[in-house]
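Asker: Sharing a model prediction with you, sequence too.
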Amino acid sequence: MNMHVSQTAQASAFFQYVPFFRGRRHVRILLCTHNGASYLRAQLDSYLAQEHTDWSLWVSDDHSTDQTREILQDFAADHPDREVHLLTGIGRGHAANYLSLMCHPALPKDGFVALSDQDDVWLPDRLSRGMARVAAYERRYGRGAILYGGRTRLVGADMTPLGLSRGVRHAPSFHNALVQNVMAGNTLLMSPEALALVRRAGPDQDVVPATRKQRFGHTEHAARRREATAHGPQYRVPPRDRPQSGGADPPGRASDRRQ
């Protein structure tokens, strides 16, 4: 893993002199893991199948005790052309793990970020479709803090189709955001300006994860554009007794990881 990081450091130095290759179109996939070995390989394979190939992977593993870290290290070794960073989570639950990764000082401020669950399987146009939507918005309105999301295809543990997440009824608003989780984190694509707002708030927030009712009772959608069909990840619907992916239980808050 260390050898891989040193190789990518040299590549990063090269890209600093060639903005065409590494700039605003680059996407950093932010993946948080915790004991996700059962499904992790399928998710990693779906990254490799993306139509948008200009991406790197940043992982925050929250003290996994299974083979999660070994799988990630093998992935990095098997794909030396890919920039892969494996960090250690803060042990305060999955929501705090994602927030700390977005605010990590080593994470560059340029480029887009796409959040990823450890047990999803991305459709091939997960990144390309989102980037196309963002580009269309920027051509019309200019650059700014843009948050893109989409609906998901719900599947079982064996990838059996279960349907789509519910469609959008109302446009997003501040008032609605106070009572309803309208954007699923596993579908989010954020512009550099949007990520800057998160980093400005900082990682030391009392984050409350979405409840099961919020996640499955409402739809996921783009903040500024509705999606008619699902083109994001395929989301595995877990049993009720399965822990929330992406973060270890913080002391006294094990219930936060229940979906």
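Answerer: In hand now; what should we look at?

Asker: which SS state does Gly163 fall under?
Answerer: Recorded secondary structure, Gly163: strand (DSSP: H, G, I helix; E, B strand; the rest coil).

Asker: what's the burial count for it?
Answerer: Gly163 sits with 11 neighbouring residues when counted by other Cβ atoms under 10 Å. Backbone N, C-alpha and C define where each C-beta goes, glycine included.

Asker: How about the contacts made by it?
Answerer: By Cβ atoms under 8 Å, 6 or more residues apart in numbering, Gly163 lies in contact with 153-154.

Asker: how near is it to Ser64?
Answerer: To Ser64, Gly163 is 31 Å away according to Cβ to Cβ, to the nearest Å.

Asker: measure Gln50 to His104 for me?
Answerer: Relative to His104, and taking Cβ to Cβ, Gln50 is found at 23 Å.

Asker: Which residue of those two possesses the greater neighbour count?
Answerer: Counted by other Cβ under 10 Å, Gln50 and His104 do not tie: Gln50 has more neighbours, with 19 against 15.

Asker: if I pick that one, what's in contact with it?
Answerer: Counted by Cβ under 8 Å, 6+ apart, Gln50 has contacts 122, 124, 126-128.

Asker: which among these gets closest to Val59?
Answerer: Minimum distance to Val59 across those is 15.1 Å, recorded for Trp122 (Cβ to Cβ).

Asker: quick check: mean pLDDT across stretch 165-184?
Answerer: Per-region confidence: stretch 165-184 scores 77 on mean pLDDT.

Asker: buried residues in that stretch?
Answerer: Residues of stretch 165-184 classed as buried: 165, 168, 172, 180-184 (neighbour count, 16 or more other Cβ atoms under 10 Å).

Asker: Export those residues as a markdown table, with columns for distance to Arg143 and secondary structure.
Answerer: Listed next are the buried residues of stretch 165-184 as a markdown table, based on distance: Cβ to Cβ, whole Å; DSSP: H, G, I helix; E, B strand; the rest coil:
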| residue | distance to Arg143 | secondary structure |
| --- | --- | --- |
| Ser165 | 29 | coil |
| Val168 | 25 | coil |
| Pro172 | 20 | coil |
| Gln180 | 28 | coil |
| Asn181 | 27 | coil |
| Val182 | 24 | coil |
| Met183 | 20 | coil |
| Ala184 | 25 | coil |
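
Asker: Mind picking the two most distant members of these?
Answerer: Farthest pair in the buried residues of stretch 165-184 (Cβ to Cβ) is Ser165 and Pro172. Separation: 15.1 Å.

Asker: and Leu189, how many neighbours does it have?
Answerer: Using other Cβ under 10 Å: Leu189 sits among 24 other residues.

Asker: Point out the other helices and strands that the helix or strand where Ser46 lies packs with.
Answerer: If you go by DSSP states H and E, Ser46 is part of helix 37-48. The elements that helix 37-48 packs onto, with contact taken as 3 or more Cβ pairs under 8 Å, 6 or more residues apart in numbering; DSSP states H and E, are strand 27-33, helix 68-78, strand 121-122.

Asker: give me that answer again for 7 Å
Answerer: Applying 3 or more Cβ pairs under 7 Å, 6 or more residues apart in numbering; DSSP states H and E, we find helix 37-48 packed against helix 68-78, strand 121-122.

Asker: Which helix or strand lies directly C-terminal to the shortest one?
Answerer: With elements assigned by DSSP H and E, the helix or strand that comes after strand 121-122 is helix 126-141.

Asker: Using CSV, write out every CA atom in that following helix.
Answerer: Taking Å, rounded to 0.1, in the frame of the first residue of the first chain, the C-alpha atoms of helix 126-141 are listed here in CSV:
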residue,chain,number,x,y,z
ARG,A,126,-23.4,6.7,-12.0
LEU,A,127,-20.6,9.2,-12.4
SER,A,128,-21.0,10.2,-16.1
ARG,A,129,-24.6,11.0,-15.8
GLY,A,130,-24.1,13.1,-12.7
MET,A,131,-21.2,15.0,-14.2
ALA,A,132,-23.2,15.6,-17.4
ARG,A,133,-26.0,17.1,-15.3
VAL,A,134,-23.7,19.3,-13.4
ALA,A,135,-22.0,20.5,-16.6
ALA,A,136,-25.3,21.4,-18.1
TYR,A,137,-26.2,23.4,-15.0
GLU,A,138,-22.9,25.2,-15.0
ARG,A,139,-23.3,26.2,-18.7
ARG,A,140,-26.6,27.8,-17.9
TYR,A,141,-26.0,29.3,-14.5
